[in-house]
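> Below is the sequence, then the predicted model.
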Number of protein chains: 2
Amino acid sequence: MTTPQLKDRILSGDLRALARAASLIENQTQAGRDIVASLFSQTGRAAVIGITGPPGAGKSTLVNEMTRTLRSQGEKVGIIAVDPSSPYSKGAILGDRIRMNEHHADPNVFIRSTATRGRLGGTAESTMELALLLDAAGYNTLLVETVGVGQDEVEIARLADVTLLVLVPGLGDDVQAIKAGIMEIADVFAINKADLPGADRLESEIRHMQSLAPAAQRQESAPIRRVIATEGKGIDDLLAVVRVVYQTRGKKQQAELWSVRLREMMRDRLLRSLSEEDLRRHAVKVAERKEDPYAALDHLTSAMLSVPENKA
Amino acid sequence: MTTPQLKDRILSGDLRALARAASLIENQTQAGRDIVASLFSQTGRAAVIGITGPPGAGKSTLVNEMTRTLRSQGEKVGIIAVDPSSPYSKGAILGDRIRMNEHHADPNVFIRSTATRGRLGGTAESTMELALLLDAAGYNTLLVETVGVGQDEVEIARLADVTLLVLVPGLGDDVQAIKAGIMEIADVFAINKADLPGADRLESEIRHMQSLAPAAQRQESAPIRRVIATEGKGIDDLLAVVRVVYQTRGKKQQAELWSVRLREMMRDRLLRSLSEEDLRRHAVKVAERKEDPYAALDHLTSAMLSVPENKA
């Protein structure tokens, strides 16, 4: 199927065409990029909600419940799960999650995962591309769930219009450290498992950290909402707050968001264009102390700049 | 002080000169890179042990106990803590950790943190540079502790000669997912808090995942050791196993390690050389749908390639 044919079918609501385009994107093919480029003028209507937070925060359950509420409001929902797959798991863990999602069979809920395959980047770009594809296909709320809370996951959450940071009471000091690293990206805080002891303390910790932000950077503090995802409690209210944030901040910050997105896509592209052979050759020299690492980097930069960008 | 002067003082064991060089590196200055380049021929003698694992695994306590044991064996120990600092925390959390470390006042233990400042990369490079500095200064065991377990932290752990993955029983399914993402980087597993229920189950899960590795990639399975860091139990044995892995694998894989290291340093360098102004200009166009993201990336790539590498 040609790109224009695929594009027409996607715009007419053909789910098989949509799934095919999603696979082209997940496999990081040029055909995937072509379809996204051809659909790009039709995008910009969906609200993209990034959902991040530490392990054990209950993000998947929350996404499931948010989807249920959004569907009851008549929204078409896209779910993109960013999957830390590995040679060991082959993405199986997130595959299980998707099959367990109760909305799995609903044609108005489109669920895909984008995997962190290898170390050469591509996740941020694939995530963006899937979001643009689903946006063009008429899914008006997109939930981008990341597993884990490292910088890469945080970066991916930042690609969203609104970033929801899910925390739970009582995860200990290490989690406090991580929270500190990602506090500033949260547009909305969800305190999940809010019936657990420590929810009050967690909320006051968040407010305390918000009060410590440098005055120059401080904007209106991100709202905090309590939910119990396993019981569906607080989801309506959380979604209402997310919607308010989206409507007041989302659109006017589109250029800023695109700066972040383009930077991430650039990083992916640059890492792909580095020659493995050159890298290995210089690594041997450095390991033997025949070259220092900076000299190696200078050579690698020159080599990279002298070849045309790899579009494959 | 000139680079040659600073170099001489560091090699003669001057701790103030060492601290000064460490600051130059942490601030990502050219002077920091110069001192590392000048010392590079003196490096390659230290064992670099990366310590990673999920929040709550007790990594800091373990590092403290490993340091105590190493000191009793007469080793000089360098500790590099990779800190997810933010405008909120300003690295304060890890600062507290360092002050709490009982070896803080021991001149044969040199402790520094390298922070994730902003989003422009630099952490991998600074971490590497601190390790090379301490190596040249005669610290023969370097412990690189990362907070969190995202891909960036995993990358940093991989810069080490031996990567120690610290896990604890009973952290739930999300942690299982994360483990799947980082299983393959572990050279040694430490099951900390091994007196908790679930230690047997965790060990058999690790063995099961090891058995699932594709045959082509499977090497000798990474050893698993149980410790109770808070009581100092199992530390001797753990260090002995780490040493064996270092001696049998460490040196022969130096070129491979340098491939990973150079790639990470390259990523940092490339992100620094992207023009903020160009990025913003194209982001506005894309946000207004006057340009698609791929066209923007093509323009940004051309612009980046046409300016000399920023060495500042």
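Happy to help now that I have it. Residues are numbered from 1 along each chain as shown, chains lettered A, B, ... in the order given.

> now what about stretch A:221-231, what contacts it?
A:58, A:61-62, A:64-65, A:186-195, A:199, A:203, A:206-207, A:210, A:233-235, A:237-238, A:241, A:245 (C-beta atoms under 8 Å, 6 or more residues apart in numbering or on different chains). Yep, even glycine has a C-beta here, placed from its N, CA and C like the rest.

> Using CSV, write down the CA coordinates of that stretch.
Only the C-alpha atoms of stretch A:221-231 are listed here, as CSV (Å, rounded to 0.1, in the frame of the first residue of the first chain):
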residue,chain,number,x,y,z
SER,A,221,1.7,25.4,41.7
ALA,A,222,0.7,22.2,40.0
PRO,A,223,-2.6,20.9,41.4
ILE,A,224,-2.6,17.8,43.6
ARG,A,225,-5.5,15.3,43.5
ARG,A,226,-6.0,12.1,45.5
VAL,A,227,-7.2,8.9,43.9
ILE,A,228,-7.7,5.3,44.6
ALA,A,229,-7.3,3.8,41.2
THR,A,230,-8.2,0.2,42.2
GLU,A,231,-11.6,1.5,43.3
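
> Would you mark the buried spots in that stretch?
The neighbour-count check on stretch A:221-231 (16 or more other C-beta atoms under 10 Å in any protein chain shown) flags A:Ala222, A:Ile224, A:Arg225, A:Arg226, A:Val227, A:Ile228, A:Ala229 as buried.

> hey, where'd the strands end up in the stretch 101-250 of chain A?
A:109-115, A:141-146, A:162-167, A:188-191, A:224-226 (DSSP state E, counting those that start in this stretch).

> could I get those as CSV with mean pLDDT?
Converted to CSV, these look like this (pLDDT from 0 to 100):
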stretch, mean pLDDT
strand A:109-115, 83
strand A:141-146, 92
strand A:162-167, 90
strand A:188-191, 94
strand A:224-226, 97
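
> Quick one: closest of the ones you listed to A:Glu75.
In terms of C-beta to C-beta, the element of the strands of the stretch 101-250 of chain A nearest to A:Glu75 is strand A:141-146, at 4.9 Å.

> that older thread, buried ones among the contacts of stretch A:221-231?
Members of the contacts of stretch A:221-231 classed as buried by 16+ other C-beta under 10 Å are A:58, A:61-62, A:64-65, A:186-194, A:199, A:203, A:206, A:210, A:234-235, A:238, A:241, A:245.

> what residues are up against the most centrally placed residue in chain A?
The centre of chain A sits closest to A:Ile156, judged by C-alpha atoms, centre = their mean, with a distance of 3.7 Å. Residues near A:Ile156 by C-beta under 8 Å, 6+ apart: A:Gly50, A:Thr52, A:Val82, A:Thr123, A:Ala124, A:Thr127, A:Val144, A:Thr146, A:Glu264.

> which among these gets closest to B:Glu102?
Closest approach to B:Glu102 among those (C-beta to C-beta): A:Thr52, at 34.6 Å.

> tell me the angle of the longest helix along chain A relative to helix B:254-272?
Secondary structure of chain A per DSSP state H: the longest helix is helix A:254-272. Here helix A:254-272 points in a direction 150 degrees away from that of helix B:254-272 (axes from the mean of the first three to the mean of the last three C-alpha atoms, to 10 degrees).

> Check which residues of the next helix or strand after helix A:254-272 are buried.
Remark: after helix A:254-272, the chain's next helix or strand is helix A:276-287, criterion DSSP states H and E. Across helix A:276-287, burial judged by 16+ other C-beta under 10 Å covers A:Asp278, A:Leu279, A:Arg281, A:His282, A:Ala283, A:Val284, A:Lys285, A:Val286, A:Ala287.

> Return the member of those residues nearest to A:Asp298.
A:Asp298 lies nearest to A:His282 out of those, by C-beta to C-beta, at 9.8 Å.

> before we move on, which element is the closest residue in space to the closest one that isn't next to it in sequence in?
Excluding the flanking residues, the one nearest A:His282 by C-beta to C-beta, 6 or more residues apart in numbering or on different chains is A:Ala296, at 4.0 Å. Following DSSP H and E, the helix or strand that holds A:Ala296 is helix A:293-306.

> mind listing what's buried in that helix?
A:Pro293, A:Tyr294, A:Ala296, A:Leu297, A:Asp298, A:His299, A:Leu300, A:Thr301, A:Ala303, A:Met304.

> what stretches of the stretch 1-150 of chain A score poorly on pLDDT?
A:83-101, A:115-122, A:147-150 (pLDDT under 70).

> Can you show me the helices along the stretch 51-200 of chain A?
Under the criterion DSSP state H, counting those that start in this stretch, the stretch 51-200 of chain A carries helices at the ranges A:59-72, A:92-100, A:123-136, A:151-158, A:173-182, A:199-212.

> who's in contact with the first one?
The contact list for helix A:59-72, computed with C-beta under 8 Å, 6+ apart, reads A:49, A:51-53, A:77, A:79, A:97, A:101-103, A:106, A:108-109, A:141, A:143, A:145-147, A:166, A:190, A:192, A:227, A:229-230, A:232, A:235-236, A:238-239, B:174.

> related to what we said a few turns ago, how about the buried residues of stretch A:221-231, which pair is most distant?
Pairwise distances across the buried residues of stretch A:221-231 peak at 20.3 Å for A:Ala222 and A:Ile228 (criterion: C-beta to C-beta).

> what about A:Ser23, distance to A:Ala137?
14 Å (C-beta to C-beta, to the nearest Å).

> Actually, A:Pro55.
Here the criterion is C-beta to C-beta. By it, A:Pro55 lies 31 Å from A:Ala137.

> just A:Phe189 next, same as before
31 Å.

> Over to A:Ser302?
Taken as C-beta to C-beta, the span from A:Ser302 to A:Ala137 is 43 Å.

> what's the answer for A:His208, then?
Relative to A:Ala137, and taking C-beta to C-beta, A:His208 is found at 43 Å.

> Setting aside sequence neighbours, what's the nearest residue to A:Val166?
Per C-beta to C-beta, 6+ apart, closest to A:Val166 is A:Gly53, 3.4 Å.

> dump the residue contacts of the one you found.
Neighbouring residues of A:Gly53 by C-beta under 8 Å, 6+ apart: A:Lys59, A:Val149, A:Leu165, A:Val166, A:Leu167, A:Val168, A:Ala190, A:Asn192.

> Name the member of those residues with the most neighbours.
Using other C-beta atoms under 10 Å in any protein chain shown as the neighbour test, those are led by A:Val149, with 32 neighbours.

> ok, back up a step: the longest helix of chain A vs helix A:293-306, what angle?
Going by the same axes, to 10 degrees, helix A:254-272 makes 100 degrees with helix A:293-306.

> List the buried residues in helix A:254-272.
For helix A:254-272, the buried set under the neighbour-count rule, 16+ other C-beta under 10 Å, comprises A:254-255, A:257-272.
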